[in-house]
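Q: Predicted model and sequence follow; I will ask about them next.
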Amino acid sequence: MANAFTDTTAFALQIEKALDAQVRWALRAQPIFRPLIDFRPGILTNPGQPVKLLIEPFLALQKSALPETSDPDTVALGAPTVVNVSPTERGASVVTTLRLEDLAYTDVAMQRARLVGTNMIDSVDDLVKDVYDTGTNISTIQAGVEKLPASGSTGTAVASIAAGDKITGDFIAHNVAVMRTRLAMPKEADGSYAAVVHPNVSVDIQREAITNASFVYVHANGGDLSAIYNGEVGKWLGVRFVESPKVNKAASGAAGASVYTTYLLGREAVVEHVVREPHIVVGNFGRDSFPGAAAADEDQRDSAVVTELSERGGFGRPSLPPPGLSGRPHSSTEFSLSCTRGCCASPREHYRSLTTTVGLDTAVQNTAMARLDKYEDATRQGIQPRTTGARDIDAAVRISDVTGVAFRGDQL
């Protein structure tokens, strides 16, 4: 007698597609431009805008010998150069519906916190890059000829840059000489400047035709092969090179050649003034805050994750603050954190005494105690949720994980 089998066709209703509940993220370049800012205004006389920065010139050198019977002539102080820094404000918000959060098989709250947080960081970094791109001290190689600011002919004719006009060791050294001639302060303590280059430009540096001054020749004959093996420029000719695909790619050069901007920086290349740090706000944003919402959306979420770059500082050139964290209060029916009687070391102890007094149902008590355990575990990590509500605790922990900075709901 033949064997009888029960196969997937017979039990088709019991088989469903499997989904990965762990969300994967698209690739993104790490922020590079804002971390290079090293100057911010010091003590301000008062809040206001714009912030005025003064650069005082030095007195002219006095080298003439003084007669025995005469005092030196008085000289006037030079007029300072004024740099104005005007604050700007930017931001974005995300609102999810209650229906989405209840029915989605992925962690929607974590996703929106991660996406809004990275959007804030990347947007701020790109705004700083835009300021670097407004610089007028531009050097290029056009048809094999170096165009340097010191020569009085800056390289602004991008359309004249041909595919063969690649960066060279000589070009780097000549630009470093211009920086030093103009008294630009080095970026690093060892006297090096900083440069952000596109990976394609880094290849051009490393693969320059072999000469006595080329990258490969100097490293190979100097016994330092690590840079060659690692495919990393590192420190070269007085410049510390860092690669990033975020550099500006200009309009095509001659015959469609790709032209990338390399940023060569000393100290105080850009000034940043911060009025309020960019931060993530987790709060009550009802329909009144979003007048475009339809009246039929009764399940609209009353809690949103918002990037609020409010009253944020301006550039003086620009001003862009770092991704800090703060929050905004929102209504909650959860248990209070504070013990107004001053009788308990922690809200958990006080709640335990209250539940014993009023005789709450054991299941309800255990749920509340588990929630307070989560709250205390978060606070031990330096995280301060807005309330002991499960939603607030989870949101505070997720935001801290995404941004790398402990969320502090008590500093709003």
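A: Cool, the structure landed. Numbering: from 1, shown residues only.
Q: Going by C-alpha atoms from here, please, whenever you check contacts or count neighbours.
A: Noted.
Q: my guess is residue 129 is in a helix, correct?
A: Yes: counting by DSSP: H, G, I helix; E, B strand; the rest coil, one finds residue 129 located in a helix.
Q: How is the residue nearest to the spatial centre of the chain assigned, secondary-structure-wise?
A: For the chain, the residue nearest the mean C-alpha position is residue 121 (3.7 Å; Cα atoms, centre = their mean). Counting by three-state DSSP, the backbone at residue 121 sits in helix.
Q: Would you mind giving me the confidence score for it?
A: pLDDT for residue 121: 88.
Q: again with residue 126
A: Predicted confidence (pLDDT) for residue 126: 91.
Q: Run through the residues that contact it.
A: Contacts for residue 126 (Cα atoms under 8 Å, 6 or more residues apart in numbering) come out as residue 33.
Q: next one: residue 232
A: residue 202.
Q: Can you tell me how far it is from residue 263?
A: 17 Å (Cα to Cα, to the nearest Å).
Q: now the strands for the stretch 51-200 of the chain?
A: Listed in chain order, the strands of the stretch 51-200 of the chain (DSSP state E, counting those that start in this stretch) span 51-55, 81-87, 90-95, 140-142, 145-147, 193-197.
Q: In the fifth one, which of the residues would be classed as buried?
A: Buried positions in strand 145-147, judged by neighbour count with 16 or more other Cα atoms under 10 Å: 146-147.
Q: which strands and helices sit next to that strand?
A: If contacts are counted by 3 or more Cα pairs under 8 Å, 6 or more residues apart in numbering; DSSP states H and E, strand 145-147 sits against strand 140-142.
Q: can you give me how far the strand it packs on is from the chain middle?
A: 32 Å (Cα atoms, centre = their mean, to the nearest Å).
Q: How about stretch 236-243?
A: 22 Å.
Q: distance between the ends of stretch 158-165?
A: With Cα to Cα as the measure, what separates the two termini of stretch 158-165 is 11 Å.
Q: any weak-confidence spans in the stretch 301-412 of the chain?
A: Within the stretch 301-412 of the chain, the ranges that satisfy pLDDT under 70 run 301-369, 412.
Q: let's go with 80 and repeat that
A: Counting by pLDDT under 80, the stretch 301-412 of the chain has low-confidence residues at 301-373, 375, 386-391, 402-403, 409-412.
Q: Just the buried residues of stretch 256-264, please?
A: Applying 16+ other Cα under 10 Å to stretch 256-264 flags 257, 259-264 as buried.
Q: any idea which of the residues you listed is closest to residue 182?
A: Proximity of the buried residues of stretch 256-264 to residue 182 (Cα to Cα) peaks at residue 264, which lies at 13.5 Å.
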